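> Here is a sequence with its predicted model. Questions after.
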Amino acid sequence: MKDLLQKAFNAVMDGDSELARDTAEAWLAAGGSPLDLVNQALTPGIREVGRLWEDGEYFLPELVSGAEAMKTAMIVLEPAMVQTDTGTSGSRVILIGTVCGDIHDIGKSLVATMLKANGFQVVDLGADVAPERFLRAFHDHHAALICMSALLTTTMTGIPELIRLFESSGVRSQVAFMAGGAPVTRKWASEAGVDYYGDSAVDAVRIATDHFRRRNG
Amino acid sequence: MNALRPVITLLNQHTVTDIVTQAWEILENTGVQIEHGETFHVLADSGLPVIKNQRVGFPRHRCEPFLATVPATFFLFERDLETRIPIGGDAVHYDPGSAAVYWLDPGADDHRRATAADCMLLAQLTEKLDGYHIQSTGVVPSDVLEDFADCLRLIYPLVFCRKPVITGTFRKSSFKIMHRMLSVIAGSPELLRTHPLAVFDCCPSPPLKWSDLTGAALMDCARAGIPVEMVSMPLAGATAPVTLIGSVIQHTAESLSGAVIHQIAAPGAPIIWGGSPAAFDMRHGTTPMGAMETMMIDLAYSQVGKYLGFPTHAYMACSDAKLPDYQAGLESGIGAVLAALAGINIVSGPGFLNYENTHSPEKIIQDHDACALAYRLIQGMTVHADPDVPALLHRLADTGDFLSDPSTRKLHRRELSPAGKAVFRGSMDQWRNQGRPLSRDLAHAVLQALAEQDSPRLDPGRTQALVEILLQEADNLHIAKAIREILQATCIHV
Ligand code: B12
């Protein structure tokens, strides 16, 4: 089993999704607890990836493929985790999407990847997301934080529009909003009623971490 | 007689044809996703195969005949409908970059959101700088309901500058309004068709997709005879292959598919092989315009475009720096020179900082100097019969009196260009006496001097017609009052 732990750790470090999936399957087949694999191999792996990124040793391709490998292993483990009811998530669900009318999604996807790499459960709704879809996904996934990206001057109005929809639906107080993207500034975001403004993917992780830490006391 | 026009070519002929072959292979086997319903149907009706869902195949043998109608050269017009600017061949024209979000005030050390007043200033500035043959809707104002920003920004170049304008739509519904505004300037939609006053940017979405907006824009522009600038943006390693050649191949495939759509919609309509690729920065997740690899992709795709017989465009002569500093000059200067050497017809970028996100009026002045250097370079060396050099040296060998020789007086303005206005070439003492200016300070002073000059405006009749179009649209959005106030504040009387 120790061998499998090392393999899973390496799979994340090397961004090898195939190895991550195979190892997760072998771990479950050998009767291992899914949570142990997460806590003893996958999470330390992704932390190490994050550290190397911070140190300037790793670049985006290493970071993104590491997160991808982690995600692949999680897909294998998650059904088993629900069965053993370890209750790891629920309150850490983050919704993310680019606002209506805007098809720029590279920055949004980077933010989603970094959040996933840091252990958040992220539901990525893609680009050009209508406000109603955000609202539906909020109910479906019991999301606690909603991240909006806008790259066009003409689409950033979608941000306050979404918040108004949540207000008129009576659920504004159940969720926090974070926004970013090139034309969005801290001042504009606060006037638009957004709770948090983030200027980069790294910033998004810091904000989300603080948010959940504060919320969970 | 010119000894030679210096030229840069990045690729050998074999590689160019290979890139084109691979692009057609991709177009035939993988195809391109066409989101816009009408465009999709037009392609299917023209016999192009549907590969799956919205994905259409573009087999080479079916498509090349459509491309035979692409004009190799066309003219853009100034608003007098007489002064014309050739787009094609190796003609090079610079224009301030298009659609920045932020503005850097002269002397300021931080950027702010751009406003309608900045749109006006940019148009007036471009009017007064002869080295820019074309202007752009360079900034997007933030002081209106943002939905309306792409239409509002067009009135400023039309009122405050005579030059043709690079612009584009952000929403499908904007096309009609912008077309109406341009038709007012031309006199009618028919005159606009024969005398194009604007170019619309249309960006395919990498990889291999024409979105609903840009598919519609391609068709609308083709039918109205408004020249289209296809701006394919492979971001190497992020939205395109990490190899530079791979990104050029993707660019070729996206652009070929766009040109086919466009020529099917209106055979012979003007279209430009443009782009805004970038070598994705793997540390910062940004799209550096000043990276050498970005410029290499630009040079290579424009070479492919020329080979295929298209007029060309690139986003060059711009910078990722945040202030007009050494980095800004380095990146913009190299870009301006390389673009000229490559004979790229429309070079959008002067004034841009912060990737393509910020305009700086000081940098517009500085880049104007960089463009002048580039023009001088491609003008090349002239072989003069007079003076005869051996005879001149025979005459002056003893005295060395070249400064007072008539040949010097006659030719020095043509042979030796004076320093640009944001360049300091004086002595140390002169520099000290002038308060030790940096290039940025010199540019600031030029801006102040230019602000004193009057700038010609569009006549009141047509200005009023433009205002009415905007107010009508603003009324539909219930923002007519705000728009009226903004127009008044920017010297457009309602
Ligand atoms: C690539 C690109 C495109 C691609 C997008 C491909 C894709 N899959 O996303 C394509 C070609 C499709 C495209 C299309 C258009 N584009 Co474009 N595009 C760009 C470009 C060059 C880069 C954007 C990018 O991806 N940057 C890299 C990413 C990683 O950075 P980012 O998005 O800023 O994200 C970072 C931060 O902002 C932040 N962040 C982002 N989102 C969020 C969210 C949260 C919650 C947080 C905390 C942080 C955060 O973190 C990210 C990572 O650190 C920019 C110019 C530029 N250099 O910025 C123009 C730009 C944004 N585009 C522009 C325009 C005008 C258009 C078009 C309208 C052009 C046209 N006429 O066809 C269309 C838009 C169509 C539409 N309706 O959406 C303008 C916008 C002008 C304006 N004032 O609004 C720009 C500024 C270029 C310009 N100057 O003209 N574009």
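On my side now, so go ahead. Residues are numbered from 1 along each chain as shown, chains lettered A, B, ... in the order given.

> what does chain A put close to the ligand?
Proximity of chain A to the ligand, by Cβ under 6 Å from any ligand atom, involves residues A:101-108, A:110-111, A:147-149, A:151-153, A:178-183, A:198, A:200-201, A:203-204. For the C-beta atoms, the positions are set from N, CA and C on the backbone; glycine is no exception.

> Surely residue B:259 and residue B:271 touch.
Yes. Under the criterion of Cβ atoms under 8 Å, residue B:259 makes contact with residue B:271 at 5.8 Å.

> residues contacting residue B:270?
Applying Cβ atoms under 8 Å, 6 or more residues apart in numbering or on different chains to residue B:270 gives the contacts B:71, B:74, B:87, B:196, B:225, B:227-228, B:311.

> Of all the residues in stretch B:274-293, which ones are buried?
Buried residues in stretch B:274-293, defined by neighbour count with 16 or more other Cβ atoms under 10 Å in any protein chain shown: B:274-282, B:285-291, B:293.

> circling back: show me the common contact partners of residue B:259 and residue B:271, please.
Common neighbours of residue B:259 and residue B:271 are listed as B:70, B:230, B:310 (criterion: Cβ under 8 Å, 6+ apart).

> Just the helices from chain A, written as ranges.
Listed in chain order, the helices of chain A (DSSP state H) span A:2-14, A:17-29, A:34-37, A:43-54, A:60-84, A:106-117, A:131-141, A:158-168, A:186-191, A:201-215.

> Contacts for the helix or strand containing residue B:332, please.
Assigned by DSSP states H and E, residue B:332 belongs to helix B:326-341. If you take Cβ under 8 Å, 6+ apart as the criterion, helix B:326-341 is touched by B:6-8, B:92, B:94, B:289-290, B:292, B:295, B:298-299, B:314, B:316-321, B:347, B:349-350, B:352-353, B:363, B:366-367, B:370-371, B:373-375, B:377-378, B:439.

> Just the buried ones from those residues?
B:92, B:94, B:289-290, B:295, B:298-299, B:314, B:316-321, B:347, B:349-350, B:352-353, B:363, B:366-367, B:370-371, B:374-375, B:378, B:439.

> if we look at chain A, which of these are close to it?
With Cβ under 8 Å from any Cβ of the partner chain as the criterion, the buried ones among the contacts of helix B:326-341 include none near chain A.

> I figured residue B:349 hits residue B:294, correct?
No. Look at residue B:349 against residue B:294 with Cβ under 8 Å: they stay out of range, at 11.2 Å.

> any idea how far the residue of chain A positioned farthest from its centre is from residue A:175?
What lies farthest from the middle of chain A is residue A:30; by Cα atoms, centre = their mean that is 29.6 Å. Computed as Cβ to Cβ, to the nearest Å, the residue A:30 to residue A:175 distance reads 40 Å.

> Likewise for residue A:141?
11 Å.

> Ok, residue B:141 next?
32 Å.

> the more surrounded of these two?
Just comparing residue B:141 and residue A:175: by other Cβ atoms under 10 Å in any protein chain shown the higher neighbour count belongs to residue B:141, 25 against 18.

> Where does the more buried one sit: helix, strand or coil?
Following DSSP: H, G, I helix; E, B strand; the rest coil, the label given to residue B:141 is coil.

> Any stretches of the chain with poor pLDDT?
As the question left the chain open, I've gone with chain A. Residues of chain A that meet the criterion pLDDT under 70 lie in A:82-91, A:217.

> was after chain B, sorry
B:145-146.

> just to revisit the earlier point, filter the shared contacts of residue B:259 and residue B:271 down to the buried ones.
Buried among those (16+ other Cβ under 10 Å): B:70, B:230, B:310.

> Which residues are in contact with residue B:265?
B:42, B:218-219, B:222-223.

> Can you select the buried ones among these for me in ChimeraX?
Paste this into ChimeraX to select the buried members of those, with burial taken from 16+ other Cβ under 10 Å:
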select /B:42,218,219,222
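
> Compile the contacts of residue B:265 into a markdown table and extend it with columns for distance to the ligand and secondary structure.
Shown next, in a markdown table, are the contacts of residue B:265 (distance: Cβ to the nearest ligand atom, whole Å; DSSP: H, G, I helix; E, B strand; the rest coil):
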| residue | distance to the ligand | secondary structure |
| --- | --- | --- |
| B:42 | 19 | helix |
| B:218 | 10 | helix |
| B:219 | 13 | helix |
| B:222 | 15 | helix |
| B:223 | 17 | helix |
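
> Name the nearest of the contacts of residue B:265 relative to residue B:185.
Using Cβ to Cβ, residue B:223 is the member of those that lies nearest residue B:185, at 19.0 Å.

> Contact partners for the closest one?
Here residue B:223 is in contact with B:265-266, B:269 (criterion: Cβ under 8 Å, 6+ apart).

> one more time with 10 Å
Contact analysis of residue B:223 by Cβ atoms under 10 Å, 6 or more residues apart in numbering or on different chains lists B:179, B:193, B:262, B:265-266, B:269.

> Spell out which parts of the stretch 301-450 of chain B neighbour the ligand.
B:355-357.

> so which of these are also by chain A?
B:355-357 (Cβ under 10 Å from any Cβ of the partner chain).

> Could you dump those into a markdown table with neighbour count and secondary structure added?
Output for those, formatted as a markdown table (neighbours: other Cβ atoms under 10 Å in any protein chain shown; DSSP: H, G, I helix; E, B strand; the rest coil):
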| residue | neighbour count | secondary structure |
| --- | --- | --- |
| B:355 | 21 | coil |
| B:356 | 22 | coil |
| B:357 | 20 | coil |
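
> hmm, back to that, in this structure the residue farthest from the centre of chain A contacts residue A:36, no?
No. The criterion here is Cβ atoms under 10 Å, and residue A:30 misses it with residue A:36 at 11.3 Å.

> As a check, name the ranges of all strands in the stretch 251-400 of chain B.
Ranges of strands in the stretch 251-400 of chain B, per DSSP state E, counting those that start in this stretch, are B:271-275, B:278-279, B:313-315, B:346-348, B:352-353, B:358-359, B:381-382.
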